[in-house]
Every structure is written in C-alpha cells, then in structure tokens.
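> fold the following and give me the result.
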Amino acid sequence: MGKKIYIYTDGACRGNPGPGGWGALLKYENYTKEIKGGSLLTTNNIMELTAVIESLNLLKFKSKVVVTTDSAYVKNGITTWIHNWKLKGWKTASKKPVKNKELWMKLDTLSSKHDILWKWVKGHSGNPDNDKADSLANQGIDDLYL
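Residues are numbered from 1 along each chain as shown. Model prediction:
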C-alpha cells in the first residue's frame, strides 16, 4: 500500500476574517518536511483546510497516512459530516449551503487516494509536532508582510 506518513497541520488567523496562515509538518521515518503559506484575507477554517489539502497534495503515491489536526471542524467534517453533505447536495442539516464547499470537495478527492487515519489533538497542549504546525502557520502570516 505504500509508506506510512505522519502529517500535523494547523491554521491561524489574526482576525476572523483577517490575515491567515497555514502550516504542516510531514514525517516519514527520519525525513521531515515543513510547509507553510498564507492569505491576506481569509478565515481560520479555510486555513485549517488548506493545511491538510496542501499536505496531501505533496503525496505522489497511495500511502498510509495519519493526519493530526487541532481542528474539530476539519476532523469532524471529513470523517462524519461530509457523508450527509454529499447526500444532500452539499447542504447542511439546516439546508444551508456548506461553507468552503470547494475546499471540502478537494479534500474529499485527495483523501480518497490514501488510507487515512484522522486524529484530533487539543491545540497548544504541549504536543511538539502540533506546536510546530502552529508555529509554521503563524510564520505563514508573518511572511505576508516581508
């Protein structure tokens, strides 16, 4: 099936909406890769989704992946809510359009290419890899002003 890759992601926003950043740490055996980016006007949820999408975009082969996020929105969305959204034509339980639909569709497509275990971790709780993803997301914002 391929390699087991660990991905830690985070998004950040200064104001919501406002300038935002995303960051991710990818680990495979002794290899690590850090990625980050930002947007001048965005939301925290968009940055959380973007971090996972950009990470999965880097994977060239079907892989076993453990994605760890501190976003309940991302974890619950991709593991639970998305099934009903798709059945209901991308509408929520309250019959409103799903926010960030295009990003959810991208994430759904990328996720289907891999065997993914989704994990949630409390943010800012001393998990070094999640803390690194948070730091990268904030660097993504800072880089907007360089």
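> for the rest of this, base every contact and every neighbour count on C-alpha atoms.
Noted.
> neighbours around P97, how many?
P97 has 14 neighbours, counted by other C-alpha atoms under 10 Å.
> excluding covalently adjacent residues, which one is nearest to it?
Counting by C-alpha to C-alpha, 6 or more residues apart in numbering, K91 is the residue found nearest to P97 once chain neighbours are left out, at 4.5 Å.
> burial of L58, as a residue count?
Residues near L58, counting by other C-alpha under 10 Å, number 10.
> and it, its phi and psi?
L58 has phi and psi values of phi -80, psi -20 when expressed as degrees, to the nearest 10.
> so where's this structure shaky on pLDDT?
Applying pLDDT under 70 to the chain flags the ranges 1-3.
> which stretches of it form helices?
Along the chain, the segments classed as helices by DSSP state H run 44-57, 72-76, 82-87, 101-111, 128-142.
> would a markdown table of those helices with mean neighbour count be doable?
Listed next are these as a markdown table, based on neighbours: other C-alpha atoms under 10 Å:
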| stretch | mean neighbour count |
| --- | --- |
| helix 44-57 | 23 |
| helix 72-76 | 16 |
| helix 82-87 | 14 |
| helix 101-111 | 16 |
| helix 128-142 | 22 |
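> dump these into a markdown table; add distance to I5 as well.
Output for the helices of the chain, formatted as a markdown table (distance: least, C-alpha to C-alpha, whole Å):
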| stretch | distance to I5 |
| --- | --- |
| helix 44-57 | 10 |
| helix 72-76 | 17 |
| helix 82-87 | 23 |
| helix 101-111 | 13 |
| helix 128-142 | 13 |
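> out of those helices, which is closest to A24?
Of all these, it is helix 128-142 that lies closest to A24, at 4.9 Å by C-alpha to C-alpha.
> and that closest one with helix 44-57, angle?
110 degrees (axes from the mean of the first three to the mean of the last three C-alpha atoms, to 10 degrees).
> heads up, I number from 24, so please use that
Done: numbering now begins at 24, and the last item shifts to helix 151-165.
> elements contacting helix 151-165?
Applying 3 or more C-alpha pairs under 8 Å, 6 or more residues apart in numbering; DSSP states H and E, one finds that helix 151-165 contacts strand 27-36, strand 41-51, strand 54-65.
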